[in-house]
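Trainee: any chance you could fold what I've pasted below:
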Amino acid sequence: MPQTLLAPTHSELVIKKSRFIGCVQPVADRAGAQAVVAALWQQHPGAAHVCWALLAGGQSAAVDDGEPSGTAGRPMLDVLRHQELEGVLATVVRYFGGVKLGAGGLVRAYTDTVAQALLQAEKIPLQRQSTLRCSVPYPLEGLLRREIEAAGAQLLDVSHGTLVELHLRLPQPQAEGFVARVNDLGHGRVAWLPD
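Mentor: The predicted structure follows:
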């Protein structure tokens, strides 16, 4: 079962005078990953490289940031895959110490930096979410809001027009039962809209 991380964790290694500062953290998509990397460049303007790997479904990425091809981003991504993680960003900031490590040394350094951070990370099961959108007559709004709260769903948006339109998110395994229950309680007056 895929897992994600509860919170960011850090590691730091010094190998032949080069300093490797690692972090693993939950990030949902590539835009979020790029924002984290941009912030790292601001925090570490003197760094030689900020390499990163994102494991997030179709938005996964492996970036060597000037290191020889395949020596940083791909090994970092492999560590995340080996741990069966999803929605996780691994970053490593490298300060060059003046001694070249060679391709094998770089792969080991980036792999070890990410692996060390993951040793301290708290992993949690990844729960897939479903988003639903429906419209109901005004008299049913209160009933639907109570059902959303009882199901532990998150109400994302409500708009009031001719009908009340509600947009919500809940764990995927509960979605089918939630829809069936609301349909029964609404006596056919709930319209499910494409999301």
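Trainee: wait, what's in contact with Pro194?
Mentor: Arg133 (C-beta atoms under 8 Å, 6 or more residues apart in numbering). Yep, even glycine has a C-beta here, placed from its N, CA and C like the rest.
Trainee: any idea of the pLDDT on it?
Mentor: At Pro194, the model reports a pLDDT of 85.
Trainee: contacts for the helix or strand where Leu77 lies, please.
Mentor: Following DSSP states H and E, one finds Leu77 within helix 73-82. Surrounding helix 73-82, the residues in contact under the criterion C-beta under 8 Å, 6+ apart are 24, 51-55, 60-65, 88, 90, 92, 107, 110-111, 114-115, 118.
Trainee: ok, now with 7 Å
Mentor: Residues outside helix 73-82 that contact it (C-beta atoms under 7 Å, 6 or more residues apart in numbering): 51-53, 55, 60, 62-64, 88, 90, 92, 107, 110-111, 114-115, 118.
Trainee: give me the buried subset of those.
Mentor: Taking 16 or more other C-beta atoms under 10 Å as the criterion, what is buried in these is 51-53, 55, 62-64, 88, 90, 92, 107, 110-111, 114-115, 118.
Trainee: so which of the residues you listed comes closest to Leu6?
Mentor: Nearest to Leu6 among these: Val88, at 11.0 Å, using C-beta to C-beta.
Trainee: can you tell me which residues contact the closest one?
Mentor: Thr4, Leu5, Val24, Pro26, Val27, Leu55, Leu80.
Trainee: if you compare the directions of the helix or strand harbouring Leu89 and helix 73-82, what angle comes out?
Mentor: Element membership for Leu89 (DSSP H and E) is strand 88-95. Put simply, strand 88-95 runs at 140 degrees to helix 73-82, going by axes from the mean of the first three to the mean of the last three C-alpha atoms, to 10 degrees.
Trainee: can I get strand 88-95 in PDB, CA atoms only?
Mentor: Taking Å, rounded to 0.1, in the frame of the first residue of the first chain, the C-alpha atoms of strand 88-95 are listed here in PDB:
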ATOM      1  CA  VAL A  88       6.900  12.800  -1.800                       C
ATOM      2  CA  LEU A  89       9.600  15.200  -2.800                       C
ATOM      3  CA  ALA A  90      13.300  14.500  -2.000                       C
ATOM      4  CA  THR A  91      15.800  17.400  -2.300                       C
ATOM      5  CA  VAL A  92      19.500  17.600  -1.800                       C
ATOM      6  CA  VAL A  93      21.500  20.800  -1.700                       C
ATOM      7  CA  ARG A  94      25.200  20.300  -2.500                       C
ATOM      8  CA  TYR A  95      28.000  22.600  -1.500                       C
END
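Trainee: noted, bye for now.
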